[in-house]
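Asks: Structure, please.
(one chain, ligands or ions: 1)
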Amino acid sequence: MKYFKPDYLFEHFTDITITWLKEHQIQHIFSDLDSTLAAHDQLGCERFENWLAMLHDNHIELVIISNNNQERVDKFTEPFGITGYGKANKPTTTKIEKIMKDVGAKSETSIFLGDQIFTDVLCGKRLGMTTVLVQPIGPEHEPWNITIKRKLETVIRSQW
Ligand SMILES: [Mg+2]
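Replies: Residues are numbered from 1 along each chain as shown. Got it, this is the predicted structure:
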C-alpha cells in the first residue's frame, strides 16, 4: 500500500510556500481542482488568488489537471487567466505527458498536487513527479462516488 503514499502531506495548498518550492527547485505545479484548490464546483477564493500571485512572482507555473469537465475547469481558470485541462482521465498519464511537453515541464522540477490518492497521487507517481496530498476542501459538497473512495483511502492510509 506504500505505492499510494504521497511524498508530502499538507493540510492546505497554501502550506506550499515559496521557501518549500525553491528548496525543491519546483518550476511547475500540476494540480487537481475540486476539493484541492476549491470546494467541489466552487470558484477560487482570495487565498487562492494570493497564492497564485506568489507563484507568478516567482515564475512558477500552475497547470490545472481535472477529471471534471472542461466547462467546470474554464469557469475556475478564466478569472485568473491560468491554464487548465478537464477530462484528464487521471490516473492515466497520456494526456498529461503531452501537456507537460506543451508547457515545457520536467518531472524532476514538477509536483503533482491533489486530494485523492487513487487519482492524483498515483498519477503524479506514474509521471515521476514529487507528489503532494492535501486535505479535501469542503468534503460536504462531494458527490457520493467520491465519498466511497474516501472510505477506501482511509483503509489504505491506516497501513502507512
Ligand atoms: Mg479532487
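Asks: Would you mind naming what in this protein lies close to the ion?
Replies: 32, 34-36, 115 (C-beta under 5 Å from the ion). All C-beta atoms are positioned from the backbone trio N, CA, C, and that covers glycine.
Asks: how does it look with 6 Å?
Replies: 32, 34-36, 114-116 (C-beta under 6 Å from the ion).
Asks: Could you list the residues in contact with the longest helix belonging to the chain?
Replies: Longest helix in the chain, counting residues (DSSP state H): helix 144-157. Helix 144-157 has contacts (C-beta atoms under 8 Å, 6 or more residues apart in numbering) with 1, 4, 35, 40, 116-118, 136, 139, 142.
Asks: would you list every one of the helices in the chain?
Replies: 18-23, 46-57, 70-77, 94-103, 122-126, 144-157.
Asks: Out of those, which one sits most buried?
Replies: helix 122-126 (a mean of 22; mean count of other C-beta atoms under 10 Å).
Asks: Against which helices or strands is that one packed?
Replies: In terms of contacts (3 or more C-beta pairs under 8 Å, 6 or more residues apart in numbering; DSSP states H and E), helix 122-126 is packed against strand 110-114, strand 130-134.
Asks: for those strands, which one ends up most surrounded?
Replies: Among the helices and strands packed on helix 122-126, the stretch with the highest mean neighbour count (mean count of other C-beta under 10 Å) is strand 110-114, at a mean of 27.
Asks: neighbouring strands for that strand, and are they parallel or not?
Replies: Strand pairing for strand 110-114, using DSSP bridges, gives strand 28-31 (parallel), strand 130-134 (parallel).
Asks: CSV for those strands, including mean pLDDT?
Replies: Listed next are the strands paired with strand 110-114 as CSV, based on pLDDT from 0 to 100:
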stretch, mean pLDDT
strand 28-31, 98
strand 130-134, 97
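Asks: Need those strands in JSON lines (columns: distance to residue 54).
Replies: Below are the strands paired with strand 110-114 laid out as JSON lines (distance: least, C-beta to C-beta, whole Å):
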{"stretch": "strand 28-31", "distance to residue 54": "11"}
{"stretch": "strand 130-134", "distance to residue 54": "16"}
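Asks: For residue 40, list the residues it contacts.
Replies: Contacts of residue 40 were listed using C-beta under 8 Å, 6+ apart, and they are 34, 138, 141-143, 146.
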